[in-house]
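>>> sharing a model prediction with you, sequence too.
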Amino acid sequence: MSIFEQLLLTTAGLDEAWPLVERFATLVRVSGSADEAAAAAYISERLTAHGVPHHTYRPELYLSIPREAEVRYTPPGEGAVERALNAKAPSFALSTAKDGAGGGWLRGTAVHLPAGPAAGIGDLFAGSSDVLDADLLRGKIVVTTGLPMPARVRQLEVAGAAGAVFVSPGERIHEAICTPVWGTPDLTTLAQRPQLVVTAIAREDGEALEAAIKQAGPGGLDLAVRTRLDQGWYECPLVVAEIPGRRWPEEFVLLHGHLDSWHAGIGDNAVGNGAMLEIARLLWQQRESLERTVRIAWWPGHSTGRYAGSTWYADTFARDIRRNCIVHLNCDSPGCRWATSFDNLTVMDETAALARLAVADVADVPIGPAPPERAGDLSFSNLGVSTLFMLSSTMPEAERRSRGYYAVGGCGGNIGWHTEDDTLEIADRDHLLRDIKIYALAVWRAANSPVHPLDYVATARRLEALLAAYGRRLGDAYDLSQARQSAAALRRSLEAWYRDDVGAADREPRASKGAITAVNGKLRRIGRILVNLLYSQAGPHRQDPALPVPPLPELCAAADAVAGGIVEHGFIRTEVLRAQNRIVGAVDEILAIVGAPR
């Protein structure tokens, strides 16, 4: 660890982070609200106090803000009294209210669709693999267990359900957003917004409702659902601090996290906001030793706009990001109580070593690397920017099980996530300081390493392994030999290029600025191609939906079609051919960049 890194870590503290957490505990930072504006103003005031250059943008974002919801039914039996259940509607569910007014009900027959709880965070964002019976669900109000995530809501909509009531796995109802449209819709994605009335209720109410459905028998149970959501355009504050680099100011590392919250949102994401504020202070203090620029952004529109703030930034500054961004790090839910594990830490293959060393040097624990989910303000994969971190530390699996907790998507694994219970006691001072140091060290190294710390040889090996795995799933009827040969050539060429050109620039302490700049420019161009290839179908200037996106998504779709056995061979063959052409073309581009024969 260098003397500058040691200085960075020893001067890190909570004098900025913790007062922010305490201040935010008094605010409900729903995007477009006065409290969100107050939170942005607080960050701006503290940045100004330390002299950190920053700008507050005010984009208009398309948001859906839930206001109220209710579920009613009368249990079977003579003399039964109608029950009214407290409920919540997820953002972008259909509103039954007319013109924003109260009243308006969806009425229909309830049908119970059993579902198991999510085993981990990956399950939260995935739909069920079950084939839904459209004849059973068409026109019905489906009652099912889990969180109203986009993939599951879409499955129910496609099956023809009229509405859905999700039963929370716990006593609290978790706030959610159910649209698969990433960011503000455009003319291509506008029609993909959910067209389903969706609510969520608490577990105890859900168990009673499920029992009533069973008791009602063949005649069915009549259910009434009411929702009211405000949907439209909201001006929101987006604060971006910029600490300029001394040697390569045009190149930058992007550290970011969301400003808005559900309720007080301490673990999600006041702690992240405080961490980023402290890192801004630290880097500004050490700015004379900072080689490249660091941008730190606080996004609005995360919770009620499906990452609308980060997507607006990606759209607005696409050219600069594609040319100059080295890597981006999402800072969500660091420093929560009982969060001592770094299992399931989001990394891409090329950033795994950077993440592993930062965690080891601060916390002296290993990481459990996990590929990126299509979640968490990772709005830059379409632009080809490598990422590390989405969430931060979490409680160990054994700890979670001992407490009887189920999987959630933040707060260090605390089930106060997205509920009224996400209050000050969720934060942990010691854990927050540790995680601040980890983020600060990773950002510092990404900005100050002479050669970008991006190992695309590891990514090429991953590509080879994926093609081998998809080849086994597709079988002999589908030929991936061209893609596999290209991937092997890519790996060999990158190994030689890293050994020679990259190694020379990295080893030579007095390598010319021009030589380092040339190597790093090629690294960024390689990343633009590989990240987009592995994690996006939509291309560089469109966002993929907020649905599970496996690596090499086209080949995964083809393999799934083979396993399903219901799609004709010719259609699968065409998909495989086009996917293979995309891979071979991407590899040819990279071989040209590194000067290898094609």
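Right, received. Where do you want to start?
>>> could you use CA atoms for every contact and neighbour count after this?
OK.
>>> for this protein, longest helix please?
Counting by DSSP state H, the longest helix found in the chain is helix 569-594.
>>> and that one, how far out from the chain middle?
In terms of C-alpha atoms, centre = their mean, to the nearest Å, the centre of helix 569-594 is found 27 Å from the chain centre.
>>> now for that helix, which elements pack on it?
Where contact means 3 or more C-alpha pairs under 8 Å, 6 or more residues apart in numbering; DSSP states H and E, helix 569-594 is packed against helix 481-497, helix 513-535, helix 553-564.
>>> pLDDT on that helix, on average?
Computed over helix 569-594, the mean pLDDT rounds to 96.
>>> likewise stretch 16-24?
pLDDT averaged over stretch 16-24 gives 98.
>>> buried set for it?
For stretch 16-24, burial by neighbour count (16 or more other C-alpha atoms under 10 Å) applies to 16-18, 20-22, 24.
>>> turn these into CSV, columns for secondary structure and distance to residue 420.
Shown next, in CSV, are the buried residues of stretch 16-24 (DSSP: H, G, I helix; E, B strand; the rest coil; distance: C-alpha to C-alpha, whole Å):
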residue, secondary structure, distance to residue 420
16, coil, 25
17, helix, 22
18, helix, 20
20, helix, 19
21, helix, 16
22, helix, 16
24, helix, 14
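>>> between all of those residues, which two are separated the most?
16 and 24 (12.4 Å; C-alpha to C-alpha).
>>> next SSE after whichever strand or helix holds residue 284?
Using DSSP states H and E, residue 284 sits within helix 271-285. On the C-terminal side of helix 271-285, the closest following helix or strand by DSSP H and E is strand 292-299.
>>> off-centre distance for that following strand?
Centroid separation for strand 292-299 versus its chain: 18 Å, with C-alpha atoms, centre = their mean.
>>> what sits up against that strand?
Contacts to strand 292-299, defined as C-alpha atoms under 8 Å, 6 or more residues apart in numbering, come from residues 238-260, 273, 276, 280, 307, 309-310, 443, 447-448.
>>> one step back: packing partners of the helix holding residue 284?
Using 3+ C-alpha pairs under 8 Å, 6+ apart, helix 271-285 sits against helix 17-24, helix 34-49, strand 238-243, strand 248-258, strand 292-299, helix 429-448.
>>> I'd like to know which of the ones you listed lies nearest to residue 398.
Here helix 429-448 is closest among the helices and strands packed on helix 271-285 (C-alpha to C-alpha), at 18.4 Å.
>>> can you show me the CA trace of the helix or strand just after the closest one as CSV?
The first helix or strand that comes after helix 429-448 along the chain, using DSSP H and E, is helix 456-474. The C-alpha coordinates for helix 456-474 follow below in CSV (Å, rounded to 0.1, in the frame of the first residue of the first chain):
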residue,chain,number,x,y,z
TYR,A,456,-9.7,-8.1,-19.9
VAL,A,457,-7.8,-11.3,-20.2
ALA,A,458,-10.0,-12.6,-17.4
THR,A,459,-13.0,-11.4,-19.4
ALA,A,460,-11.8,-13.2,-22.5
ARG,A,461,-11.5,-16.4,-20.4
ARG,A,462,-15.0,-15.9,-19.2
LEU,A,463,-16.2,-15.6,-22.8
GLU,A,464,-14.5,-18.9,-23.6
ALA,A,465,-16.1,-20.6,-20.6
LEU,A,466,-19.6,-19.2,-21.5
LEU,A,467,-19.4,-20.4,-25.0
ALA,A,468,-18.3,-23.9,-23.9
ALA,A,469,-21.3,-24.0,-21.4
TYR,A,470,-23.8,-22.7,-24.0
GLY,A,471,-22.4,-25.2,-26.5
ARG,A,472,-23.2,-28.0,-24.1
ARG,A,473,-26.7,-26.7,-23.6
LEU,A,474,-27.4,-26.2,-27.3
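>>> now helix 456-474: mean pLDDT?
Mean pLDDT, helix 456-474: 96.
>>> now the angle between helix 481-497 and it, please.
Using axes from the mean of the first three to the mean of the last three C-alpha atoms, to 10 degrees, the direction of helix 456-474 lies 160 degrees away from that of helix 481-497.
>>> show me which positions of helix 456-474 end up buried.
Using 16+ other C-alpha under 10 Å as the test for burial, helix 456-474 gives 456-464, 466-468, 470-471, 473-474.
>>> quick one: low-confidence ranges for the stretch 401-550 of the chain?
508-511 (pLDDT under 70).
>>> mind doing that once more with 90?
Within the stretch 401-550 of the chain, the stretches with pLDDT under 90 are 501-515, 537-540, 547-550.
>>> cool, and the stretch 251-400 of the chain?
Looking at the stretch 251-400 of the chain by pLDDT under 90, you get 373-374.
>>> which residues touch the nearest residue to residue 562 once chain neighbours are set aside?
Of all residues not flanking residue 562 in the chain, residue 474 sits nearest, at 6.4 Å (C-alpha to C-alpha, 6 or more residues apart in numbering). By C-alpha under 8 Å, 6+ apart, the residues touching residue 474 are 558-559, 562.
>>> so residue 144, which state does it fall into?
strand (DSSP: H, G, I helix; E, B strand; the rest coil).
>>> apologies, that question was intended for residue 222.
Per three-state DSSP, residue 222 ends up strand.
>>> repeat for residue 112
Three-state call for residue 112 (three-state DSSP): strand.
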